[in-house]
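Trainee: Based on what follows, work out the 3D shape:
(one chain, ligands or ions: 1)
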Amino acid sequence: MVQVRDVRQAPPRDVVELTGVTKVHPGGVRALDGVSVGFARGSFTAVMGPSGSGKSTLLHCAAGLDRPTSGRVVLAGQDVATLREPKLTAVRRAHVGFVFQSFNLVDSLSVWDNVLLPQRLAGTRPDRGWARELLARVGLAGREKARPGQLSGGQQQRVALARALAGRPEVIFGDEPTGALDLTTGRDVLALLRSFVDELGATIVMVTHDPAAAAWADRAVFLADGRIAGELSSPSAEQVSARMMELTR
Ligand SMILES: Nc1ncnc2c1ncn2[C@@H]1O[C@H](COP(=O)(O)OP(=O)(O)OP(=O)(O)O)[C@@H](O)[C@H]1O
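Mentor: All right, here's what the predicted structure looks like:
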């Protein structure tokens, strides 16, 4: 019998979907081994796992920064695993926002120009009203003219958060976004990420080593030896720590 899906009960569409993704790095390291995982629109996912388990490789493949050896990566409706440059860069610029551990702001540009830079690179007209709203939301209204070097680490990361969302991307990837921040500042950044999801409908995928950071997510996905090793929904820091202990045993 042909199954017809009832669209009224359709689950939220995955913004990013990896199917059977394997990545063998130069030198023969199999960093990902048949990974299948999806990230639903409007969700916040933490990707966790022991050192060397493939978290960064997963993030890079999911974001179209790296190409898998085999498998499919559908991002915003396109299989980025097979796209060639410059189309791949164009898709990434149009649909993906990034937040890194080391902020990655351009020191020679003002806060304002940093926030608008991805849209300018993508060749789209920056939405200045939205950028202003985002800077206010992250607590930096009035600091548009400052240079990154004049700001604290927490403030720089908040500029990066506004930048990540300024182009209204389909998904924001975070690579240890709180890794360089102290506890309180890191918590502020996580609260902002949470509010982006809850209040603005953003989709966030964040690699982290920190169980307390993962507890801000709707879901924690675990990797071990390049494979999915389970997940937790609405995880607590204690549950995440316990799972990590099992994986590193
Ligand atoms: N560019 C590369 N060339 C060769 N090997 C690589 C490359 N990048 C990653 N690897 C290897 O792939 C495996 C997975 O690395 P990856 O950085 O994805 O793991 P990770 O879980 O993010 O680690 P960590 O938590 O230490 O950052 C490791 O064995 C690593 O040494």
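Trainee: so the residue nearest the centre of the chain is in which element?
Mentor: For the chain, the residue nearest the mean C-alpha position is residue 173 (1.3 Å; CA atoms, centre = their mean). Element membership for residue 173, per DSSP states H and E: strand 171-175.
Trainee: what's the burial count for residue 157?
Mentor: Using other CB atoms under 10 Å, residue 157 is surrounded by 26 other residues. Where C-beta positions appear, they are placed from N, C-alpha and C, glycine not excepted.
Trainee: helix/strand/coil for it?
Mentor: Secondary structure, DSSP: H, G, I helix; E, B strand; the rest coil: residue 157 is helix.
Trainee: so it makes contact with residue 99?
Mentor: Yes. When contacts are counted by CB atoms under 8 Å, residue 157 is listed as touching residue 99 (7.2 Å).
Trainee: hey, what's in contact with both of the two?
Mentor: Both residue 157 and residue 99 are contacted by residue 177, under the criterion CB atoms under 8 Å, 6 or more residues apart in numbering.
Trainee: list the buried ones in stretch 92-109?
Mentor: Within stretch 92-109, the residues scored as buried using 16 or more other CB atoms under 10 Å are 92-101, 103, 105.
Trainee: Give me the mean pLDDT for that stretch.
Mentor: Stretch 92-109 carries an average pLDDT of 94.
Trainee: Grab the CA positions of that stretch and hand them over as CSV.
Mentor: What follows is stretch 92-109 as a C-alpha-only set of coordinates in CSV (Å, rounded to 0.1, in the frame of the first residue of the first chain):
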residue,chain,number,x,y,z
ARG,A,92,26.6,29.3,2.4
ARG,A,93,26.6,33.1,2.4
ALA,A,94,22.9,33.2,1.7
HIS,A,95,21.8,30.6,4.2
VAL,A,96,24.3,30.1,7.0
GLY,A,97,25.4,32.2,9.9
PHE,A,98,28.5,31.4,12.0
VAL,A,99,29.7,32.1,15.5
PHE,A,100,33.2,31.0,16.5
GLN,A,101,35.1,30.5,19.7
SER,A,102,37.5,33.3,18.7
PHE,A,103,34.8,35.7,17.5
ASN,A,104,36.4,36.2,14.1
LEU,A,105,35.5,39.8,13.7
VAL,A,106,37.5,42.0,11.3
ASP,A,107,39.5,44.4,13.5
SER,A,108,39.8,47.1,10.9
LEU,A,109,36.0,47.4,10.5
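Trainee: Other residues contacting whichever strand or helix holds residue 244?
Mentor: Residue 244 is part of helix 237-248, with elements assigned from DSSP H and E. Defining contact as CB under 8 Å, 6+ apart, one finds that helix 237-248 is touched by 46, 48-50, 53, 211-212, 214-215, 220, 222, 224, 229-230, 232.
Trainee: ok, so of those, who is nearest residue 66?
Mentor: Closest to residue 66 out of the contacts of helix 237-248 is residue 53 (16.0 Å), distances taken as CB to CB.
Trainee: sec struct for that closest one, please.
Mentor: Relying on three-state DSSP, one would call residue 53 coil.
Trainee: Would you agree it is in contact with residue 209?
Mentor: No. Residue 53 is beyond contact range of residue 209, at 10.7 Å (criterion: CB under 8 Å).
Trainee: Those two - which one has more neighbours?
Mentor: Neighbours per residue, other CB under 10 Å: of residue 53 and residue 209, the larger number sits with residue 53, 22 against 15.
Trainee: Please report how far the residue nearest to the more buried one when sequence neighbours are not counted lies from residue 143.
Mentor: Nearest residue to residue 53, sequence neighbours excluded (CB to CB, 6 or more residues apart in numbering): residue 223, at 4.3 Å. Distance, residue 223 to residue 143, by CB to CB, to the nearest Å: 37 Å.
Trainee: tell me the two of the buried residues of stretch 92-109 that are most distant?
Mentor: Spatial extent of the buried residues of stretch 92-109 (CB to CB) is set by the pair 94 and 101 at 24.3 Å.
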